Each structure stands twice: as C-alpha cells, then as structure tokens.
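test case, fold it:
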Amino acid sequence: MGKIYTPAGPEVLALGMQVIAECYPNLLELSSRKSKRLPPLVIDYTMVLGARDKEGNPKGPALKLHGVAALAIIRVVPQNFRARGLGDAEIQIDQDWWTDNGDPERMALLDHELCHLAPWKDADNQWVRDDTGRIQLKLKNHDHDYGWFDEVAKRRGKFAAEVRQARRWFDEFGQIYLLPPEGSK
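Take a look at the predicted model:
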C-alpha cells in the first residue's frame, strides 16, 4: 500500500491556530482578516500515513525532504492551485509520529514549520498579494543547516570541516540547544 494523504482533523487545526496566536502575530493578522475584498491567509494541514508492507508495518518514512526523513514539510501552494480554492500554504505531517506524541511535541513541530512562512511586504510596508488577491508567501530557510558526514568526522577528527563547524556552532549557539533538565521547557 502506498502513502495515504488525509486532511488533518480539527484538533490539528486548533493546535496550529494556538501556535500562530502565541508566536506569529503577522500570520494571525493575515489569517483572521474579515475583509470581503481580500481573502485571509489559509494554511492547510495534511496527515500523511507512510507506505506499508503486507503486515501493515511502515516501509520507510512517511515524508522526506531532500532525501532525508522529515516529521513535517511545509510548502507554499502554487498560485494556480490557490486560485482553485486550496490554501496558501500546506503543512504535511507524518501521521504515525503525530499519533505517538503529545501536544507539547506537536506544538513544537508546528512552530518549526510555521517559522518557515514569510509573507512579503513591499517598500510601503504593505502585504504583497498575487493577481487573485491571495497573500504572497516565501519560505524562510533554517537558521542552521549542516551537511555533515559522521564517518569523515571520525576519520579526520579536528581537521574535518564537520568537527570545526560543530565546535564553532557549539561555542556560539550550544547553550540554547543543550537539553534542559527533564520537566522544564
């Protein structure tokens, strides 16, 4: 059986709106507009159940981005699909992961994906819209993306770019990424 895509239920949408309300005032403003001439920002959420073998076991990750397993993926929906009524952005979520985790983990995942969304503003600080009146979006890159090979780091040690980069990263940012004590945020 191949992948199965289903619209997310109301609990996913509610958590998404909670994260938007807490962390993304620009997305909240755009999604709660009640204008008759300008449509609001719409984010679609889709659950993805990965392909299964005959016994019902996952055959691999439900989602991949650039060949790497992902728990969720966000994309800007192309204008031709938006004009036909789809949302402005879509977040696809690994359904197995979602089922196996609680709201704090789910909210962190949605927060990560929503952080990618960057609505455009023009020189006059106005939201940019396309020809159909839909808000223009682009995706923001991660603050940190590393292409590391463990085997090179093991073989080359302190001379490997991976190790030098990890040391610089740890010295500059390590404190905010170190695991906090259990029970804290």
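
quick check, D130 in contact with Q79.
Yes - between D130 and Q79 there is a contact under C-beta atoms under 8 Å: 5.4 Å. All C-beta atoms are positioned from the backbone trio N, CA, C, and that covers glycine.

grab the nearest non-local neighbour of V163.
Spatially, and ignoring its direct neighbours in sequence, V163 is nearest to A153 (5.1 Å; C-beta to C-beta, 6 or more residues apart in numbering).

got the contact list for the longest helix belonging to the chain?
What stands out as the longest helix in the chain, according to DSSP state H, is helix 161-177. For helix 161-177, the surrounding residues in contact (C-beta atoms under 8 Å, 6 or more residues apart in numbering) are 144, 146, 148-150, 152-153, 156-158.

which parts of that helix are buried?
162-163 (16 or more other C-beta atoms under 10 Å).

now stretch 99-113
Buried-residue list, stretch 99-113, by 16+ other C-beta under 10 Å: 106-107, 109-111, 113.

stretch 39-54 now?
39, 41-50.

what of stretch 18-36?
Here stretch 18-36 shows 19-20, 24, 27, 30-31 as buried, counting by 16+ other C-beta under 10 Å.

same deal with stretch 7-21?
8, 12, 15-17, 19-20.
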